[in-house]
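Participant: any chance you could fold what I've pasted below:
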Amino acid sequence: MTFTQFLDTYNISLNEEQKEAAQTINGPCLLLAVPGSGKTTVLVTRLGYMIHGCDINPDDILTLTYTKAATRDMRERYIAIFGEDDKIPEFRTINGVCAKILIYYGKKLGKSPFEIEEEGARTKRIAGIYKDIVKTFASESDIQEISRLITYVKNMDLSEDEIKDIDKKSEYPFKKIYEAYNESMISDRVMDYDDQMLFAYRLIKSDPATLKHFREEYRYICVDEAQDTSKIQHMIISLLAGEKGNLFMVGDEDQSIYGFRAAYPEALLDFEKDHPGAKVHLMEENFRSNANIVYSADAFIQKNQMRHKKRMIAIKDAASEIRKINISTRSEQYGHILKAAEEGRETAVLYRDNESVLPLVDIFSRKGIPFTIRNAELTFFTNKVVLDIISVMRFIINPTDIESFLRFFYKLNLFLTKEEALKMIQNARGGSITEAGLKMQFARTNTAERFAEFAENVKQFRNLAPEVVLNSIITTMGYGNYLDKLNTGRAKTEILKSIFRNAKTIEEGLNRLEELSDIIRNNPNDPDCKTIFSTIHSSKGLEYDTVYILDAIDGIFPEKIYRTPSKLKGKNLAEYEENRRIFYVGITRAKNNLCLFKTAGGSSFVDDVKEVKKISAVDKSEILARKFLAATVKSTMSYEEMAGELSEGRKVTHKKFGKGIVVGIKLPFVDIQFDDVRKSLNVEIMAKNGLLRL
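Facilitator: Reported below is the predicted structural model:
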């Protein structure tokens with residue numbers, strides 16, 4: 001079955017770029033697909049063509065996706081077009097394949113592989129190890145961060161020295177926790193999902209027979225969302241496929257935004273080096289967004305250095321211009337978003353970090369305006385900074401609160417030793433700790449003076465508004481100095497201020513925090529709700545009529561302030577460019593309207609979005625040519641077919657030179673007169689590469 005017949009049989013419509021990619025079956029191939037270019041359609045079409053058009057056994061094909069949900073979605077999309085019969089290829093996550101490898105090898109040895117420890121048990125294990133080593137209980141955010149770092153270390157296959165570097169930057173002894181975690185897992189004969197990949201990689205690398213078995217089983221490997229794949233995953237895929245194997249990798253390094261999960265976009269950049277002779281296809285046409293958004297986003301991402309050379313081309317015409325809203329304070333964003341929600345059209349508010357949405361949740365819930373949150377997290381409420389502030393406020397309300405006092409006493413400017421703090425608690429005998437402290441003798445001469453000031457503040461702050469108290473905790477009580485020593489930003493305290501702003505008392509402010517936690521936990525994920533709150537990471541692959549980017553403020557997004565980005569190198573450059581990629585993914589979710597907030601304090605990413613109000617003549621002609629090709633050409637012709645169709649006076653369109661007329665034929669060459677130039681071109685080469693259309 002020819003490719004044209006295949007498309008007609010299954011009623012599939014593709015443009016020229018998509019057709020070219022979908023027909024590439026053999027050898028290593030990298031498909032770079034810009035946002036909104038229809039990559040999943042191409043991947044599914046290619047699978048169908050391999051099976052129904054090329055008679056490739058579906059058992060020989062493995063399609064790898066990033067998550068189980070993506071695996072189900074891809075399989076369903078395949079079945080929707082090609083039916084549910086015995087010709088369905090294998091769709092798996094990389095962990096699913098690694099499980100098969102370990103089970104296969106275990107059967108060879110007559111042994112069972114270690115069981116996989118699920119997330120709940122893993123959390124308990126980390127919490128227990130943390131308590132044993134640090135001698136205190138870990139918060140939810142501590143456990144989540146340690147879990148993330150363990151995954152990062154294993155997925156990046158880091159060396160001992162690299163682990164030590166992470167340890168130096170951690171607030172807790174990460175290396176000790178990491179080593180104790182691994183020893184505990186081995187002792188209990190369990191592994192996590194990261195171990196599963198590491199063991200599978202080491203196995204196929206060291207055992208040629210097992211590697212040969214799986215190479216023969218999976219003669220064709222397709223990888224979706226390759227930019228999100230980790231280093232160890234790429235190493236496994238490369239081994240299974242081989243240097244010149246049939247590997248079809250789909251992705252876009254411009255959309256690689258999971259560095260914290262060890263995503264490894266370098267694998268896409270090095271693809272041609274790792275797979276000599278590999279084909280690289282581009283899908284540059286964006287069908288999602290209006291031209292103003294497309295060309296502004298393209299100009300923005302072009303400034304990144306770590307990327308392939310490609311452009312994003314708009315298929316939709318220019319429509320509404322990108323709206324930049326000047327604001328003087330961070331809280332001014334919320335009023336504009338509130339107004340947009342009241343208009344009733346589909347509006348997505350996108351942000352880098354989950355905590356950014358909390359003030360909006362507070363305002364919307366107070367006003368009874370419906371909203372839905374995608375994949376909300378609650379770690380803000382157990383973050384160390386937030387818990388510190390809460391503990392000071394609780395102590396102000398109740399100076400007998402021992403647990404709260406022990407949490408913060410060494411973080412303020414009291415100069416108290418641990419022994420003095422414990423003695424103070426003992427002397428209080430269940431009563432006021434501040435009163436007991438006022439009667440004590442201290443080792444340092446200025447401690448008594450500082451503690452007396454602290455005790456007076458506790459008394460005075462009790463009846464003040466929580467926002468005022470929070471400011472005083474940071475400044476007067478010295479908690480801000482503690483944050484500065486740790487090189488911890490003030491983002492969390494700014495969010496707390498926004499929430500406390502509407503509360504009259506400390507009790508009311510603390511109660512509101514608990515209410516917000518419950519609101520987020522129980523927020524119904526209503527698919528019909530017109531107002532969507534989402535991190536940019538959770539919005540990936542989705543699209544919305546109108547998009548607002550929240551908190552694109554230097555120091556928040558990006559988290560660091562980069563004074564001279566052009567001079568960045570190494571890790572700093574990688575970190576900066578990933579922040580730009582996150583922003584790029586955010587703005588390319590918008591179909592019709594994009595709204596950005598510009599602050600006086602600095603919004604460098606917003607400043608870098610240059611509005612493109614009209615398409616240049618070159619771009620316009622390229623778009624028209626592509627549209628013309630997609631509309632008029634039904635098939636890719638063979639050399640014999642093209643040679644038979646050519647005749648003097650025949651109108652043609654060349655992919656590079658545009659429209660022309662055939663003025664002479666001497667096969668395999670044909671002379672074509674374009675607007676102002678005459679070219680003698682090889683018909684065989686043009687047919688093979690799809691360069692000429694009749």
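
Participant: spatially nearest residue to residue 184, not counting backbone neighbours?
Facilitator: Ranked by Cβ to Cβ, 6 or more residues apart in numbering and with sequence neighbours excluded, the top spatial neighbour of residue 184 is residue 125, at 6.2 Å. From N, CA and C alone the C-beta is placed, and that goes for glycine too.

Participant: other residues contacting the helix or strand where that neighbour lies?
Facilitator: Mapping residue 125 onto the secondary structure by DSSP states H and E places it in helix 119-134. Contacts to helix 119-134, defined as Cβ atoms under 8 Å, 6 or more residues apart in numbering, come from residues 117, 137-138, 142-143, 146-147, 150, 172-173, 176-177, 180-181, 184-185, 190, 192.

Participant: could you rerun that using 10 Å?
Facilitator: In this structure, residues lying in contact with helix 119-134 by Cβ atoms under 10 Å, 6 or more residues apart in numbering are 116-117, 136-140, 142-147, 150, 171-174, 176-181, 183-185, 188, 190, 192-193.

Participant: in strands, which of the residues you listed fall?
Facilitator: Judged by DSSP state E, the subset of the contacts of helix 119-134 located in strands is 116, 190.

Participant: tell me, how many neighbours does the residue nearest to residue 184 end up with?
Facilitator: As a burial measure, the neighbour count of residue 125 was computed by other Cβ atoms under 10 Å and equals 20.

Participant: ditto for residue 127
Facilitator: Taking other Cβ under 10 Å as the criterion, the count of residues near residue 127 is 17.

Participant: in space, what's closest to residue 588 - neighbours in sequence excluded?
Facilitator: Residue 588's closest residue in space is residue 35 (Cβ to Cβ, 6+ apart), at 4.0 Å.

Participant: so the one you found versus residue 322, what's the distance?
Facilitator: Residue 35 sits 16 Å away from residue 322 when distances are taken as Cβ to Cβ, to the nearest Å.

Participant: same question for residue 669.
Facilitator: Taken as Cβ to Cβ, the spacing of residue 669 relative to residue 322 amounts to 48 Å.

Participant: in terms of neighbours, single out the busier of these two.
Facilitator: Neighbours were counted for residue 669 and for residue 322 using other Cβ under 10 Å; residue 322 has more, 21 against 14.

Participant: got a list of what the nearest residue to residue 148 once chain neighbours are set aside touches?
Facilitator: In this structure, residue 148 finds its nearest non-sequential neighbour in residue 260, 6.4 Å apart by Cβ to Cβ, 6+ apart. Counting by Cβ under 10 Å, 6+ apart, residue 260 touches 145, 148-149, 151-152, 537, 578.

Participant: pick the one among the residues you listed closest to residue 431.
Facilitator: When the contacts of residue 260 are compared for distance to residue 431 (Cβ to Cβ), residue 145 comes out closest, at 37.2 Å.

Participant: hang on, the closest one packs against residue 169?
Facilitator: No. Using Cβ atoms under 10 Å, residue 145 is not in contact with residue 169; the gap is 11.6 Å.

Participant: more crowded one of those two?
Facilitator: Counting neighbours by other Cβ under 10 Å for residue 145 and for residue 169 shows that residue 145 has the greater number, 21 against 8.

Participant: and residue 591, its phi and psi?
Facilitator: Dihedral angles of residue 591 (phi, psi; degrees, to the nearest 10) stand at phi -90, psi -50.

Participant: can you name the residues that contact it?
Facilitator: The neighbourhood of residue 591, defined by Cβ under 10 Å, 6+ apart, consists of 36, 287-290, 293, 316, 319, 346, 543-547.

Participant: can you check residue 159 too?
Facilitator: With contacts defined as Cβ under 10 Å, 6+ apart, residue 159 is in contact with 153, 165.

Participant: and the gap between it and residue 487?
Facilitator: 25 Å.

Participant: and if you look at residue 143?
Facilitator: Residue 143 sits 22 Å away from residue 487 when distances are taken as Cβ to Cβ.

Participant: which one of the two is surrounded by more residues?
Facilitator: Neighbour totals were compared for residue 143 and residue 487, and residue 143 leads with 20 against 7 (other Cβ under 10 Å).

Participant: now the more buried one, nearest residue through space, not along the chain?
Facilitator: Excluding its sequence neighbours, the residue lying closest to residue 143 (Cβ to Cβ, 6+ apart) is residue 126, at 5.2 Å.

Participant: neighbours around that neighbour, how many?
Facilitator: Counted with other Cβ under 10 Å, the neighbours of residue 126 add up to 23.

Participant: give me the pLDDT for it.
Facilitator: Per-residue confidence (pLDDT) for residue 126: 97.

Participant: now it: how far from residue 191?
Facilitator: 15 Å.

Participant: can you list the low-confidence ranges for the chain?
Facilitator: Across the chain, residues meeting the criterion (pLDDT under 70) sit at 613-636.

Participant: what do you get if the cut-off is 80, keeping everything else the same?
Facilitator: For the chain, residues meeting the criterion pLDDT under 80 lie at 525, 611-641, 645, 655-657, 675-676, 688-690, 694.

Participant: hmm, what's the outermost residue in it?
Facilitator: Among the residues of the chain, the one whose C-alpha is farthest from the average of all C-alpha positions is residue 439, by Cα atoms, centre = their mean at 54.8 Å.

Participant: so what's that one up against?
Facilitator: With contacts taken as Cβ under 10 Å, 6+ apart, residue 439 has the following neighbours: 424, 427-428.

Participant: residue 46 too?
Facilitator: The contact partners of residue 46, taken as Cβ under 10 Å, 6+ apart, are 18, 21-25, 29, 31, 53, 61, 63, 220, 222, 248, 250.

Participant: quick one on the thing from earlier: closest to residue 664 out of the contacts of residue 439?
Facilitator: Out of the contacts of residue 439, the member with the shortest distance to residue 664 (by Cβ to Cβ) is residue 424, at 100.4 Å.

Participant: test my guess that the closest one contacts residue 431.
Facilitator: No. In terms of Cβ under 10 Å, residue 424 does not count as a neighbour of residue 431; the distance is 11.1 Å.

Participant: any idea which element residue 73 lies in?
Facilitator: Per DSSP H and E: residue 73 is located in helix 68-82.

Participant: who are the packing partners of that helix?
Facilitator: Packed against helix 68-82, as judged by 3 or more Cβ pairs under 10 Å, 6 or more residues apart in numbering; DSSP states H and E, are the following elements: helix 39-48, strand 61-65, strand 90-93, helix 94-109.

Participant: can you list the ones you listed in TSV and add distance to residue 395?
Facilitator: Output for these, formatted as TSV (distance: least, Cβ to Cβ, whole Å):
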stretch	distance to residue 395
helix 39-48	54
strand 61-65	50
strand 90-93	48
helix 94-109	46
